[in-house]
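Participant: here's my sequence, what's the structure:
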Amino acid sequence: MNYPKFLPWIFLIAAYLIGSIPNGLIVSKLLHRKDIRKEGSGNIGATNALRAFGTVTGLFVLLLDVAKGYFPTLLAMSILGKDNSFVSIIALFVILGHMFPVYLKFKGGKGVATAAGVFLAIAPISLSMAILVFLIVVVLFHYVSLASICAAMAFHTHSLAILLKAEKADYATLLLISVAVLLIVVKHKSNLERLINGSESKLKFTKKGN
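Facilitator: The predicted model follows:
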């Protein structure tokens, strides 16, 4: 497909700005008239929204964060071509936007939901397996952070195994997956420390936050 040479760069900037949209903060202010950054862990993501404002709000934020990863990536794949290496860079910038949002002085979320949206478009089979791992760990241990890390690692292993078996290695996607998973693990550093010392909060589903 023919397109202007500057279009991928427009996609890149737009992807970062869309990724930077702080859905958790917007929803907390619109629905609860509170700043999610002043509630619970202070994180703008779906898990903190669930703990602070209840299950419905948490799921709503989750869907919005997944959507902002999925649709920009899908649009880039549709217009630029799914085999275009620039798509992987655009997808990474969506995730970076969520983690380091320009609107919040680069203090954002941990990127799990937005990365899930990105990989729903790029690697849905590996994502399905990662979601299964996530649910199993949450049910067994009730730690979202542990489940997120385990799911990220499982996704990394499964997707790389598939990509490496392909006739032509997709190095751009390989790099995207590796960088995204590394960033997610690094973003969970404080959670890992709390898991080790036993102070990490367990997940509880509530109708309404305190």
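Participant: what bits of this protein have low per-residue confidence?
Facilitator: In the predicted model, the chain carries pLDDT under 70 at residues 1, 207-210.
Participant: the same query, at a cut-off of 90, please.
Facilitator: Along the chain, the model assigns pLDDT under 90 to residues 1-5, 82-83, 160, 162-171, 203-210.
Participant: contacting residues around residue 69?
Facilitator: For residue 69, the contact set (C-beta atoms under 8 Å, 6 or more residues apart in numbering) comprises 19, 91, 94-95, 98, 113-121. Every C-beta, even on glycine, is put in place using the N, C-alpha and C of the backbone.
Participant: can you tell me the element it falls in?
Facilitator: Secondary structure from DSSP states H and E places residue 69 in helix 55-80.
Participant: now the helix or strand just after that helix: how far from the chain's centre is it?
Facilitator: Heading C-terminal from helix 55-80, the first helix or strand you meet, by DSSP H and E, is helix 85-99. Chain-centre distance of helix 85-99: 11 Å, with C-alpha atoms, centre = their mean, to the nearest Å.
Participant: again, but for stretch 158-176
Facilitator: In terms of C-alpha atoms, centre = their mean, the centre of stretch 158-176 is set 20 Å apart from its chain centre.
Participant: what do you get for stretch 61-77?
Facilitator: Computed by C-alpha atoms, centre = their mean, the chain-centroid distance of stretch 61-77 equals 9 Å.
Participant: buried residues in it, which are they?
Facilitator: Neighbour-count burial for stretch 61-77, counted by 16 or more other C-beta atoms under 10 Å, picks out 61-62, 64-70, 72-77.
Participant: and the gap between residue 178 and residue 155?
Facilitator: For residue 178, the distance to residue 155 equals 11 Å [C-beta to C-beta, to the nearest Å].
Participant: what does residue 195 give?
Facilitator: 20 Å.
Participant: the two - which one has more neighbours?
Facilitator: Neighbours were counted for residue 195 and for residue 155 using other C-beta atoms under 10 Å; residue 155 has more, 26 against 16.
Participant: how about the helices of this structure, start to end?
Facilitator: 7-19, 23-32, 46-53, 55-80, 85-99, 112-122, 124-141, 144-165, 171-187, 189-197 (DSSP state H).
Participant: distance to residue 39 added to these, as TSV?
Facilitator: As requested, the helices of the chain are arranged in TSV below (distance: least, C-beta to C-beta, whole Å):
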stretch	distance to residue 39
helix 7-19	22
helix 23-32	7
helix 46-53	4
helix 55-80	11
helix 85-99	19
helix 112-122	18
helix 124-141	21
helix 144-165	16
helix 171-187	19
helix 189-197	17
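Participant: picking up where we left off before, of the contacts of residue 69, closest to residue 32?
Facilitator: Nearest to residue 32 out of these is residue 113 (C-beta to C-beta; 19.3 Å).
Participant: distance of the closest one from residue 70?
Facilitator: 10 Å.
Participant: now do residue 192
Facilitator: Separation of residue 192 from residue 70 (C-beta to C-beta): 28 Å.
Participant: now residue 204: closest residue in space that isn't a chain neighbour?
Facilitator: Nearest non-adjacent residue to residue 204, counting by C-beta to C-beta, 6 or more residues apart in numbering: residue 51, 7.4 Å away.
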